[in-house]
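Asker: predicted model and sequence below, questions to follow.
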Amino acid sequence: MDLEFLSRLQFAVTIAFHYIFPPLSIGLGTYLVINEAVYLKTRDEFYRQATKYWVRIFALIFAIGVATGIVMEFEFGTNWATYSRFVGDVFGSALAAEGIFAFFLESGFLAVLLFGWDKVGPKMHFFSTLMVCLGSHFSAIWIVVANSWMQTPAGFVLEVNGQRLNPEASLRPEDVEHTRAVIYDFWAMVFNPSSVERLTHVILGSWLAGAFLVLSISAFYLLRGKHIRFARFSFATGLVLATVSSLLQLVSGHSSAEVVAEHQPVKLAAMEGQYETVDSASLSIVGWVDEDNQQTYSVAIPGMLSWLISGETQHEVKGLKDLPGDDFIAERHPEAAPEDYPQLREEHYWPKVHYVFQFYHLMVAIGMALIALSLWGCWLWWRGTLFDLSRKGTRIFLGVTVVSVLGPQIANQVGWFTAEMGRQPWIVYELMRTSEGLSKVVVPEQVLGSLLMFGFIYALLFALFVFLLTLKITHGPDIEEDETEYAHTKQLFKQ
């Protein structure tokens, strides 16, 4: 059993399970702010009760998210002790900021959000909802800042045995255990080259997750003929959030690709399965990577990749066979002859190209499908048939929407797989290899045992989550059935 593989697998399992919940918390928190703002505007008890229903869903998601997030902090110390020492100054600052800005906001106002409906005024309760929403966003900000620093390190110096080393200098493997990354410019660390684009992408993905959860549950009620007015209102507001978020996500994805092209060209080449350097690079729609023969077979749009990263169809894009560059290889392997460079690149500096390619294109495909579904809903809304269940097209649309809740979840997961696997073999890009960050005293059997234990516990947690969520959906909102037609809600959006 390989210690590195098991340690990576354990972290992947725990963080992938945890990441089901934070995007839902962020997205649903944003939706709660919108809903409660409608209540403040109208002072209609219906909108208050509608918001209270979604607060109950939010509380369940938030609780499971907190419980599953604690594990990863301990994993850093148990499985990745060398890495933890290396990035302790950087991560300590980011996680301390998360605790101050995010945790205190969430913990301070969560009780008011959950239990303060009849104990504080409407404006104070709305303020509490807003603070909880901001707190969940602040958590995302500082976690993504820390992760983005791993992708594009900035604002630091290296200290080897207490002596400063230029960050651009090659760090010798034998010195890694005694090296620390020390912040010298906090804001350069926060606004490292990829943090803003990656944070935008994560937040929009979270809004999509929350919006499609609302759409899915609302569509379920509509198809069952239950809680009609509530479902119509929730679906309409959820559709607005989903449409705006999905279209903005398209722009954000383009911006993120530009950053990857500039700062992580190896990852970009892996995402597109591009082995050869070309003057006009095509954008693959779907395909298959033959890693053994270093060939990619795909349906592609000629020149589109070059255009996406430069605005011109004639723009050189480096292929994996030329990445990393000769200067980098010569610096890291001074004893190697130039004819050895291709083998060194493939063996030491390329990620698993096929997996990165497939995960990336699955994310893009799901993103485009979510845009199409949102626009389909807007088109039905514009035609006045969004809730006309006598029409087959509407019933099909609502049926697809019920299962669409899985779309953002899968896209968020494979997007992170792309980002993390595409960075390999580095745990901190071009500074520390993943294999160098492992704990020295942990043995594979220990990691395997804890992996099986976490898998069992998380399976129980997920079953509990599904059971409780099903109960809440089955119970529905505490609103007396009101068959008021959609014109009431439509009029609200015109105001």
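Answerer: Cool, the structure landed.
Asker: what are the ranges of the strands in the stretch 351-495 of the chain?
Answerer: Taking DSSP state E, counting those that start in this stretch as the criterion, the stretch 351-495 of the chain carries its strands at 426-428, 432-433.
Asker: okay, those strands in JSON lines with mean pLDDT and distance to Leu105 next?
Answerer: The C-beta positions use only the backbone N, C-alpha and C, and glycine is treated the same way. As requested, the strands of the stretch 351-495 of the chain are exported to JSON lines (pLDDT from 0 to 100; distance: least, Cβ to Cβ, whole Å):
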{"stretch": "strand 426-428", "mean pLDDT": "92", "distance to Leu105": "29"}
{"stretch": "strand 432-433", "mean pLDDT": "88", "distance to Leu105": "33"}
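Asker: dump the ones you listed into JSON lines; add mean neighbour count and distance to Ile410 as well.
Answerer: As requested, the strands of the stretch 351-495 of the chain are arranged in JSON lines below (neighbours: other Cβ atoms under 10 Å; distance: least, Cβ to Cβ, whole Å):
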{"stretch": "strand 426-428", "mean neighbour count": "22", "distance to Ile410": "25"}
{"stretch": "strand 432-433", "mean neighbour count": "21", "distance to Ile410": "29"}
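Asker: which one, of those, ends up nearest to Val214?
Answerer: Val214 lies closest, by Cβ to Cβ, to one member of the strands of the stretch 351-495 of the chain: strand 426-428, at 36.8 Å.
Asker: which residues does that closest one contact?
Answerer: Residues outside strand 426-428 that contact it (Cβ atoms under 8 Å, 6 or more residues apart in numbering): 80, 83, 86-87, 149-150, 153, 181, 432-434, 436-437.
Asker: just the closest of those residues to Phe467, please.
Answerer: Out of the contacts of strand 426-428, the member with the shortest distance to Phe467 (by Cβ to Cβ) is Trp80, at 33.6 Å.
Asker: between the contacts of strand 426-428, identify the one with the most neighbours.
Answerer: Within the contacts of strand 426-428, most neighbours by other Cβ atoms under 10 Å means Trp149, with 28 neighbours.
Asker: do I have it right that that one meets Asn192?
Answerer: Yes: counting by Cβ atoms under 8 Å, Trp149 does reach Asn192; the two are 5.3 Å apart.
Asker: in the helix or strand containing Glu75, what's buried?
Answerer: Element membership of Glu75, judged by DSSP states H and E, is helix 45-79. Neighbour counts using 16 or more other Cβ atoms under 10 Å place 46-55, 57-58, 60-62, 64-66, 68-69, 71, 75-76, 78-79 of helix 45-79 among the buried residues.
Asker: and stretch 179-193, by the same measure?
Answerer: Neighbour counts over stretch 179-193 (16+ other Cβ under 10 Å) mark Thr179, Arg180, Ala181, Ile183, Met189, Val190, Asn192, Pro193 as buried.
Asker: need the residues you listed in a markdown table with pLDDT, secondary structure and distance to Ala111, can you?
Answerer: Shown next, in a markdown table, are these (pLDDT from 0 to 100; DSSP: H, G, I helix; E, B strand; the rest coil; distance: Cβ to Cβ, whole Å):
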| residue | pLDDT | secondary structure | distance to Ala111 |
| --- | --- | --- | --- |
| Thr179 | 84 | strand | 44 |
| Arg180 | 86 | strand | 39 |
| Ala181 | 86 | strand | 38 |
| Ile183 | 88 | strand | 35 |
| Met189 | 89 | helix | 33 |
| Val190 | 89 | helix | 30 |
| Asn192 | 92 | coil | 35 |
| Pro193 | 91 | coil | 39 |
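Asker: let me know the closest of those to Phe91.
Answerer: Nearest to Phe91 among the buried residues of stretch 179-193, counting by Cβ to Cβ, is Ala181 at 9.4 Å.
Asker: which non-adjacent residue is nearest the closest one?
Answerer: Spatially, and ignoring its direct neighbours in sequence, Ala181 is nearest to Phe156 (4.7 Å; Cβ to Cβ, 6 or more residues apart in numbering).
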